[in-house]
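Engineer: Show me how the following folds:
(2 chains, ligands or ions: 1)
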Amino acid sequence: MLPIDPSVIQQRIDSMTGDPLYLHLEQTTGAYAAHFDSSKHPAASFISNIIIVYSHGGISGGGPYRVGLKMAQGWVYCEGLTHYEETESDRLILAGHDNTGKLVVALQLSPKPFGRER
Amino acid sequence: MAERILVLLPHPDDEAYGMSGTLALYVREGAQVTYGCLTLGEMGRNMGVPPFASRVTLPAIRKLELEEACRAIGIQDLRLPGFHDKTIEFEEPELLESVIAGLLDEVRPTLVFTFYPGYSVHPDHDATGAAVVRVIGRIPAEDRPKLLCVAFSKDHVVALGAPDVQYDVRETLPQKVASISAHRSQFPSPAKMSKADLVERFGTERFYTYKFHD
Ligand SMILES: [Zn+2]
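Structural biologist: This next block holds a predicted model:
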């Protein structure tokens, strides 16, 4: 993973516009959030391999970054993104890591389902 | 001459703390106010204490709260173009600008209120202010309405200097308190605060006159 370069990510978002894509979107505070700090409320959610098509998308912010993807009937939104996988050419793999390196959010788009590669 | 005022903000409640007292002053002087509230704040995290709203009911609840706030201030005309909360910065700029330009054409305001782009904390605030500045910037300088912007980021005074426009809104504090209290899913009502605390906290509203560079 490399720190996000927004112009690179914007180009990738533009190039995937209009294509049916598998989405993985995830956010987590970590299951131990309340164990370490009782004022924290542990929460997590993900949705994996749902097919979306977006007509317009963007990345913004000064880092961590936000991404919004406009669909015919709604939006995909993700805030807190810091890194992208530079070795991927067909897929867009974005993640947000906290200052200890732990994953907080993930936004992934691919023409093929995630976890079914082999 | 009474002002024709256009208020352009992204969320129900954005009007309450920063400009409700000023708007109520203008209404008292005969101003006609149109408020374009771009979203229904449907992604807000406050659901009432204890929670009485859900993700499903929040937009309808916030719309009613906003209508009540407008009545409290005296705003005569509320427009809800229905953009989605948190997405203003990602909207197609042409669509956003066409809605704003449409309201400007229709209202022909003498005075416009919005957020100062870059100094208003929430991305929707900054994106709304930036779109308003773009659209008004295209109007020939001699025809432009005056544009007053609210800024509240930590660095705004360092970056912009002190606000150049200030309204003493002690006389319209009842309207202001009622507008804040209308947003009951979002804030505790300040109605029980002492008069002195209300004046101290809410008695002055400050704006920057946006300066176009041309
Ligand atoms: Zn707001």
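Engineer: tell me the strands in chain A, going along the chain?
Structural biologist: A:2-3, A:21-28, A:44-52, A:54-60, A:65-71, A:74-81, A:83-84, A:92-97, A:103-110 (DSSP state E).
Engineer: Quick check: which of the ones you listed is nearest to residue A:10?
Structural biologist: Of all those, it is strand A:54-60 that lies closest to residue A:10, at 5.4 Å by CB to CB. Any C-beta I mention is one placed from the backbone N, CA and C, and that applies to glycine too.
Engineer: Only the buried residues of that closest one, if you could.
Structural biologist: Within strand A:54-60, the residues scored as buried using 16 or more other CB atoms under 10 Å in any protein chain shown are A:54, A:56, A:57, A:58, A:59, A:60.
Engineer: Relative to the ion, which of the residues you listed is nearest.
Structural biologist: Nearest to the ion among the buried residues of strand A:54-60: residue A:60, at 16.8 Å, using CB to the ion.
Engineer: For that closest one, give me its contacts.
Structural biologist: By CB atoms under 8 Å, 6 or more residues apart in numbering or on different chains, the contact set of residue A:60 is A:6, A:66, A:67, A:68, B:89, B:90, B:123.
Engineer: is chain A contacted by stretch B:158-165?
Structural biologist: No. Stretch B:158-165 lies apart from chain A when judged by CB under 8 Å from any CB of the partner chain; the minimum separation is 14.4 Å.
Engineer: Buried residues, that stretch. List them.
Structural biologist: Neighbour counts over stretch B:158-165 (16+ other CB under 10 Å) mark B:160, B:163 as buried.
Engineer: same check, this time on stretch B:184-191
Structural biologist: Of the residues in stretch B:184-191, B:184, B:185, B:186, B:187, B:190 count as buried by neighbour count, 16+ other CB under 10 Å.
Engineer: How far off centre is it?
Structural biologist: Stretch B:184-191 sits 17 Å away from the centroid of its parent chain (CA atoms, centre = their mean, to the nearest Å).
Engineer: Contacts (any at all) between the ion and it?
Structural biologist: No. Between stretch B:184-191 and the ion, judged by CB under 5 Å from the ion, nothing touches; the nearest distance is 9.7 Å.
Engineer: Other residues contacting that stretch?
Structural biologist: For stretch B:184-191, contacts defined as CB under 8 Å, 6+ apart pick out B:13, B:16, B:41, B:44, B:46-49, B:52-53, B:58, B:61-62, B:65, B:177, B:180-181, B:198, B:201-202.
Engineer: right, is stretch B:84-97 up against chain A?
Structural biologist: Yes. Residues of stretch B:84-97 contacting chain A under CB under 8 Å from any CB: B:84, B:86, B:87, B:89, B:90, B:91, B:92.
Engineer: let me fix that: stretch B:117-137
Structural biologist: Yes. Stretch B:117-137 reaches chain A (CB under 8 Å from any CB) through residue B:123.
Engineer: taking the mean pLDDT, what do you get for that stretch?
Structural biologist: Per-region confidence: stretch B:117-137 scores 97 on mean pLDDT.
Engineer: Now do the buried residues in it.
Structural biologist: For stretch B:117-137, a neighbour-count test (16+ other CB under 10 Å) marks B:117-120, B:122-133, B:135-136 as buried.
Engineer: What of stretch A:64-76?
Structural biologist: For stretch A:64-76, by 16+ other CB under 10 Å, it's A:64, A:65, A:66, A:67, A:68, A:69, A:70, A:75, A:76.
Engineer: give the contact list for the residue lying closest to residue B:30 once chain neighbours are set aside.
Structural biologist: Among residues not flanking residue B:30 along the chain, residue B:2 sits closest, at 3.7 Å (CB to CB, 6 or more residues apart in numbering or on different chains). Residues in contact with residue B:2, defined by CB under 8 Å, 6+ apart, are B:29, B:30, B:31, B:32.
Engineer: Does residue B:2 lie in a helix or a strand, and which?
Structural biologist: Using DSSP states H and E, residue B:2 maps to neither a helix nor a strand.
Engineer: that older thread, which of the residues of stretch B:84-97 next to chain A fall within strands?
Structural biologist: Judged by DSSP E, strands contain none of these.
Engineer: Nearest residue to the residue of chain B found nearest chain A in space, ignoring adjacent ones along the chain?
Structural biologist: Taking CB to the nearest CB, chain A has its nearest neighbour within chain B at residue B:90, 3.1 Å off. Nearest residue to residue B:90, sequence neighbours excluded (CB to CB, 6+ apart): residue A:68, at 3.1 Å.
Engineer: can you pull the contacts of the one you found?
Structural biologist: By CB under 8 Å, 6+ apart, the residues touching residue A:68 are A:57, A:58, A:60, A:75, A:76, A:77, B:86, B:87, B:89, B:90.
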